[in-house]
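Colleague: Quick one: sequence and predicted model below, then my questions.
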Amino acid sequence: MATEPFQRARRPEQKEQRREAILAAAAELARRDGVRAVSLSDIARAVGIHKSALLRYFETREQIFLEVTAREWRDWEGEVTAALGEIAPGDAEAVAATLARSFVSRPLLCDLLPHAALNLERHASIDAVRAYKETSIGAVAAVADALADPLPELDDEARREAVSYIALLAGSMYQIATPPEPLARLYEEEPRLGHFLLDLEGRLTRAATVLIAGLREAPA
């Protein structure tokens, strides 16, 4: 990973450049090794600075990844709202497939989602959590709004439920579908132990289909 040409960020643009480098390094390491495996020291080393220097920009490792998660939510929102706009009214199967694919195509977001609730939000400042929540809630709301045309029979609350639940399922299913290497070897050697391994996109699409069908039939 490339490091900046300057040793100490002094000007505002250098500080912003370094902050961006930290976030980019964290995201790249997480894609390669998984969020759980990446330490603050790993990120600092990838950027080419000491850990104490990194802490001038972010209070904790968790704050870094919380911001990475927020960026992933924003990127996901833009992609999926555009895709949903191409679906004909009433085509619930296409909606389910599109929502499932939108998460499966973003493995970093899927990996981050369970960590956000279980760990990241609990070890970041209130201001950082507030900013993250505003972003994630806004992304869910925007995608729920985009569902109004393809799923006109669902009200706003039901559409938000659909998006929120599918996101939760994507995060949990991803963890099952992508075991660490030692477990993957174990499941390969003893297939009966790996019965929970799954086709992530297929299972998530099925779950989204069932969820949307249930919401469509639920009493108002």
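Modeller: Yes, it's here.
Colleague: where does the chain dip in pLDDT?
Modeller: 1-11, 195-196, 220 (pLDDT under 70).
Colleague: By residue count, what's the longest helix in it?
Modeller: Determined from DSSP state H, the single longest helix within the chain is helix 61-84.
Colleague: Show me what counts as buried in it.
Modeller: 61-70, 72-73, 76-77, 80-81, 83-84 (16 or more other C-beta atoms under 10 Å). For glycine as for every other residue, the C-beta is placed from the backbone atoms N, C-alpha and C.
Colleague: One more: stretch 187-200?
Modeller: Y187, G194, L197, L200.
Colleague: The second one touches R185, doesn't it?
Modeller: No - under the contact definition of C-beta atoms under 8 Å, G194 does not touch R185, with a separation of 10.3 Å.
Colleague: Could you find the closest non-adjacent residue to A128?
Modeller: Distance criterion C-beta to C-beta, 6 or more residues apart in numbering; nearest residue to A128, sequence neighbours excluded, is Q63 at 5.0 Å.
Colleague: What is the burial count for S105?
Modeller: 13 (other C-beta atoms under 10 Å).
Colleague: give the contact list for it.
Modeller: Contact analysis of S105 by C-beta atoms under 8 Å, 6 or more residues apart in numbering lists E79.
Colleague: Ramachandran angles for it?
Modeller: The phi/psi pair for S105 (degrees, to the nearest 10) reads phi -80, psi -10.
Colleague: if I look at it, how far off is A83?
Modeller: Counting by C-beta to C-beta, to the nearest Å, the gap from S105 to A83 is 10 Å.
Colleague: wait, isn't D42 in contact with L29?
Modeller: Yes - counting by C-beta under 8 Å, D42 does reach L29; the two are 5.7 Å apart.
Colleague: Would you enumerate the residues in contact with the most centrally placed residue in the chain?
Modeller: What sits nearest the mean C-alpha location of the chain, by C-alpha atoms, centre = their mean, is L109, with 2.0 Å. Applying C-beta under 8 Å, 6+ apart to L109 gives the contacts T69, E72, W73, W76, F103, A170.
Colleague: Could you export those residues as CSV, including distance to I49?
Modeller: Shown next, in CSV, are the contacts of L109 (distance: C-beta to C-beta, whole Å):
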residue, distance to I49
T69, 22
E72, 24
W73, 27
W76, 30
F103, 33
A170, 34
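Colleague: Which one of these is nearest to E121?
Modeller: Relative to E121, the closest of the contacts of L109 is T69; by C-beta to C-beta it sits at 9.6 Å.
Colleague: and the helix or strand encompassing G202, which residues are buried?
Modeller: Here G202, judged by DSSP states H and E, is contained in helix 200-217. Within helix 200-217, the residues that count as buried by 16+ other C-beta under 10 Å are L200, E201, L204, T205, A207, A208, T209, L211, I212, L215.
Colleague: Next, format those as a markdown table and append distance to A97.
Modeller: Formatted as a markdown table, these follow (distance: C-beta to C-beta, whole Å):
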| residue | distance to A97 |
| --- | --- |
| L200 | 13 |
| E201 | 9 |
| L204 | 9 |
| T205 | 5 |
| A207 | 12 |
| A208 | 8 |
| T209 | 8 |
| L211 | 13 |
| I212 | 11 |
| L215 | 16 |
